[in-house]
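1. any chance you could fold what I've pasted below:
(one chain, ligands or ions: 2)
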Amino acid sequence: MSAPQVNLTFPNGGKSSFSGGLFINNEFVPAQSGKTLAVINPATGKEIAQVAEADAKDIDIAVKAAREAYNNVWGEKVPGHKRGRLLLKLADLVEQHIDELAAIESLDNGKPVSIAKGFDFTEVIANLRYYAGWADKNHGKVIEVDSSKLTYTRHEPVGVCGQIIPWNFPALMFAWKIAPALATGNTIVLKVAEQTPLSGLRMCQLIKEAGFPTGVVNVVAGFGPTAGAAIAAHMDIDKVAFTGSTLVGRNIMKAAASTNLKKVTLELGGKSPNIILKDADLEQAVSWAAFGFSFNTGQCCCAGTRVYVEEAIYEKFMEKLLVKVKSIKTGDGFQGDTFQGPQVSQLQFDRVMGYIQQGKADGAKVLTGGERHGTEGYFVQPTVFTDVNPDSKISREEIFGPVVVVHKFKDQQDLIRIANDSIYGLAAAVFSRDVSRALETAHALKAGTVWVNCYNQINPQVPFGGYKASGIGRELGEYALSNYTNVKAVHVNLNIPAPL
Ligand code: NAI
Ligand code: MG
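-> Ligands and ions are numbered 1, 2, ... in the order given. Predicted coordinates:
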C-alpha cells in the first residue's frame with residue numbers, strides 16, 4: 001500500500017501535487033490502519049483530496065523516530081548556528097513557493113489567497129527567520145554565589161515535543177510551533193488539524209528539501225480523540241504544545257497529568273473586549289473594530305467580539321460601523337477582492353449559525369447580517385448585534401465566526417469590571433487619543449495582549465498568550481524559548497570542604 005497522493009487544481013487554473021502521507025523519518029507513508037480522511041474545500045463543501053489518517057499506532061512510530069533523531073542527530077549534537085541555518089533555508093523555500101502554498105491554504109481553509117500570501121505565509125517566513133536568529137543565542141548564565149564554587153545554568157532542549165494545531169491559521173500555527181522548538185534543539189511530532197492538513201504536509205516536503213535530518217520533524221494528519229489524545233498521553237513525549245478550544249485544552253492537561261507530567265503550554269479561546277472611548281479617532285476606531293471581529297472570518301482566538309462604546313459617541317459609531325461592515329466583501333478566496341471567506345467546515349458553520357439564532361431568540365437586535373451568505377459553501381454574513389443582554393450566550397461565549405456584540409457604556413470604572421468579567425483573557429483593545437486614559441485602561445485589562453488604537457497586531461518578536469482560561473505560557477518572542485528548554489543548574493566545587 002502506498003501513501004495517498006494529493007492532486008489539486010485551483011480555481012485560478014494553477015495546480016499542485018504532493019504526498020498526502022504521514023511524514024515520518026523524512027518519508028511520506030500510509031497510516032498503519034490504511035485509513036484516510038477527506039479534505040473539504042469550505043467554499044464549495046466538496047471533497048478535494050484524501051490524506052493518511054494517523055491513530056495511536058502511527059503516533060508511536062513517529063515518537064520513536066523523533067526520539068532516535070533527538071538522541072543521535074539533533075539536540076545538542078547539532079550546534080545552534082547549524083540549526084539556525086536549516087531554519088533559514090526552510091524560510092527561503094517557503095518564500096520561493098509562496099504562491100503555491102497560499103493557493104493550497106485558500107483551497108483548504110477558505111481564506112483569501114491574497115491574505116494567505118500577504119499575512120499567513122509572510123508571517124510563517126518571518127517566524128522561521130526570527131527563531132533561526134535565536135538558535136545560537138539562547139544560552140544560560142554564570143550565577144555568582146561566592147568564591148567557593150562556580151555555578152551556571154544551561155538551556156537544554158526538552159526532548160521530543162508533541163504539538164497539536166488548529167485549522168484557523170494552519171500554516172502559521174505550524175510555524176509558531178516548529179520554529180522555536182527546532183531552534184532550541186528539540187524534535188517534533190506535530191498533528192495538523194483534520195480540517196486543514198494540506199499546507200503542513202506540503203511544507204514537510206520543503207523541510208526535507210531544506211536538509212533537516214531524518215526524524216527531526218514528524219507530521220501527521222488525524223483526529224483529536226485518536227491521534228491528538230495519543231500525543232497528549234504518550235509516555236515518551238516530553239512536552240505538549242496545544243492551540244485550540246478551551247475544552248480540549250483541559251483534556252490535554254488531564255492527559256499530561258495522569259501520564260508522565262509532560263510540560264504543557266496551551267493557547268486557547270477568547271472573548272476579547274474592544275473599548276472605544278469618546279475621544280477616539282472615530283473613523284479609525286470603526287475600521288479597526290470591524291477588522292477586529294471579522295478578520296479571518298472571525299476565526300481568531302483574539303477576535304474583538306465584545307465592543308464597548310462610550311455613550312457620547314455611540315450613535316455616530318454605530319452609523320459608521322454599519323456602513324463599514326456592509327462593505328465587507330464575502331466570497332470565494334480566489335476572487336481578487338474577497339476579504340471574508342467561508343467558515344472552515346459544516347460543523348463550524350452550524351455552530352456560528354446556532355449562536356446567531358440564539359442571539360435573536362434572546363432578544364438581541366441584528367443591526368446587519370444574521371443570515372447565511374449565498375447557497376453553496378459555509379459562508380456567514382458579517383453580523384452585528386446590539387441591545388444585547390450582557391449575560392446572554394452571544395455576549396459571553398466564543399462564537400468563532402464574524403459576529404460581534406456592541407454595548408454602550410457610561411462609566412469607565414465600571415467598564416473595566418465588565419470588560420474583565422469573562423473566563424477568558426487573551427486579548428483586548430482600547431481606542432482613545434488621550435494617552436493617559438488609554439494606557440490606564442490597557443494596564444487595567446486582564447489580557448495577555450492589549451492593542452491601543454489598533455487590532456490584531458502580531459509580530460514574531462512579541463509574546464502572545466492568555467490570562468485565565470485563555471491559556472498557559474506564551475508563544476512568540478524570546479519568551480517562547482522557555483517553553484522548549486529545560487534549565488539545568490550546575491554547581492562546580494572550587495574549595496568547599498566536604499561536610500562529612
Ligand atoms: P478543537 O480544540 O477540537 O481542535 C483543535 C485541535 O485539537 C485539532 O488538531 C484537533 O484534532 C485536536 N483535538 C481535538 N480533540 C482532541 C483531544 N481530545 N486530544 C487531543 N487533541 C484534540 O477545536 P474545534 O472543535 O476544531 O473547534 C471548536 C472551537 O474551538 C471553535 O469554535 C473555537 O471556539 C475554538 N478554537 C480555538 C482556536 C484557537 O486558535 N484558540 C482554534 C480552533 C478552535
Ligand atoms: Mg478543508
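2. a helix runs through A126, doesn't it?
-> Yes: assignment of A126 by DSSP: H, G, I helix; E, B strand; the rest coil places it within a helix.
3. tell me how far it lies from V94.
-> Relative to V94, A126 is positioned 10 Å away (CB to CB, to the nearest Å). C-beta: built from backbone N, CA, C; applies to glycine.
4. neighbour count: these two, which is higher?
-> Under the criterion of other CB atoms under 10 Å, the comparison of A126 against V94 puts V94 first, with 23 against 18.
5. now do the SS call for H155.
-> strand.
6. how near is the nearest residue to it once chain neighbours are set aside to ligand 1?
-> Excluding its sequence neighbours, the residue lying closest to H155 (CB to CB, 6 or more residues apart in numbering) is T485, at 4.3 Å. The spacing between T485 and ligand 1, counted by CB to the nearest ligand atom, to the nearest Å, is 24 Å.
7. I'd say T485 and G159 touch.
-> No: in this structure T485 lies outside contact range of G159 using CB atoms under 8 Å: 10.5 Å.
8. any shared contact partners between these two?
-> Counting by CB atoms under 8 Å, 6 or more residues apart in numbering, no residue touches both T485 and G159.
9. check the burial of L201 by counting its neighbours.
-> The local packing of L201 (other CB under 10 Å) involves 27 other residues.
10. who's in contact with it?
-> L201 is in contact with 6, 18-21, 23, 28, 51, 192, 219, 221, counting by CB under 8 Å, 6+ apart.
11. again, 6 Å this time
-> Counting by CB atoms under 6 Å, 6 or more residues apart in numbering, L201 makes contact with nothing.
12. I'd assumed it was in a strand, is it?
-> No: counting by three-state DSSP, L201 is not part of a strand but helix.
13. so for the residue most central in space within the chain, what's the nearest residue that isn't a sequence neighbour?
-> By CA atoms, centre = their mean, the chain has its centre lying nearest to M173, at 4.4 Å. Excluding its sequence neighbours, the residue lying closest to M173 (CB to CB, 6+ apart) is I165, at 4.0 Å.
14. and R83, by the same measure?
-> In space, and not counting its chain neighbours, R83 is closest to A135: 4.5 Å by CB to CB, 6+ apart.
15. that neighbour and ligand 2, how far apart?
-> 33 Å (CB to the ion, to the nearest Å).
16. and that residue, what does it touch?
-> Residues near A135 by CB under 6 Å, 6+ apart: 80, 83-84, 183.
17. hmm, 10 Å instead?
-> Applying CB atoms under 10 Å, 6 or more residues apart in numbering, we find A135 in contact with 78-88, 179-180, 182-185, 481.
18. what about the residue of the stretch 351-500 of the chain at minimum distance from ligand 1, neighbour count?
-> Closest contact between the stretch 351-500 of the chain and ligand 1, by CB to the nearest ligand atom, is at F400 (3.6 Å). Close neighbours of F400, defined as other CB under 10 Å, add up to 25.
19. quick check: the residue of the stretch 101-250 of the chain nearest ligand 2.
-> As assessed by CB to the ion, ligand 2 sits closest to D108 within the stretch 101-250 of the chain, at 4.2 Å.
20. how distant is the lowest-mean-pLDDT helix or strand in the chain from the center of its chain?
-> Every helix and strand of the chain was ranked by mean pLDDT, DSSP states H and E. The lowest is helix 412-420, at a mean of 93. A distance of 28 Å separates the centroid of the chain from that of helix 412-420, by CA atoms, centre = their mean, to the nearest Å.
21. do the same with stretch 68-84
-> Using CA atoms, centre = their mean, the offset of stretch 68-84 from its chain centre is 26 Å.
22. buried set for it?
-> Of the residues in stretch 68-84, 68-70, 74-75, 78, 80, 83-84 count as buried by neighbour count, 16 or more other CB atoms under 10 Å.
23. repeat that for stretch 309-319.
-> 309-310, 313-314, 317-318.
24. again, but for stretch 198-210
-> Buried-residue list, stretch 198-210, by 16+ other CB under 10 Å: 198-208, 210.
25. may I have the secondary structure class of the residue of the stretch 351-500 of the chain closest to ligand 1?
-> Applying three-state DSSP: F400 is coil.
26. tell me the contacts of it?
-> F400 neighbours (CB under 10 Å, 6+ apart): 166, 168, 245, 269-270, 296-301, 303, 305, 343-344, 348, 351-352, 355.
27. let's see that with 8 Å instead.
-> 168, 269, 298-299, 303, 348, 351-352.
28. pLDDT on the helix or strand that contains K320, on average?
-> Assigned by DSSP states H and E, K320 belongs to helix 314-326. Averaging pLDDT along helix 314-326 gives 98.
29. export whichever helix or strand comes after it to PDB, keeping only CA atoms.
-> Next helix or strand after helix 314-326 toward the C-terminus (DSSP H and E): helix 346-361. Provided in PDB are the C-alpha atoms of helix 346-361 (Å, rounded to 0.1, in the frame of the first residue of the first chain):
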ATOM      1  CA  GLN A 346     -20.000  22.500   8.100                       C
ATOM      2  CA  LEU A 347     -19.700  22.000  11.800                       C
ATOM      3  CA  GLN A 348     -18.200  25.500  12.400                       C
ATOM      4  CA  PHE A 349     -20.900  27.000  10.100                       C
ATOM      5  CA  ASP A 350     -23.600  25.200  12.100                       C
ATOM      6  CA  ARG A 351     -22.100  26.400  15.400                       C
ATOM      7  CA  VAL A 352     -21.900  30.000  14.300                       C
ATOM      8  CA  MET A 353     -25.400  30.000  12.800                       C
ATOM      9  CA  GLY A 354     -26.600  28.400  16.100                       C
ATOM     10  CA  TYR A 355     -25.200  31.300  18.100                       C
ATOM     11  CA  ILE A 356     -26.800  33.800  15.700                       C
ATOM     12  CA  GLN A 357     -30.200  32.100  16.200                       C
ATOM     13  CA  GLN A 358     -29.600  32.000  19.900                       C
ATOM     14  CA  GLY A 359     -28.900  35.800  19.900                       C
ATOM     15  CA  LYS A 360     -32.100  36.500  18.000                       C
ATOM     16  CA  ALA A 361     -34.100  34.200  20.300                       C
END
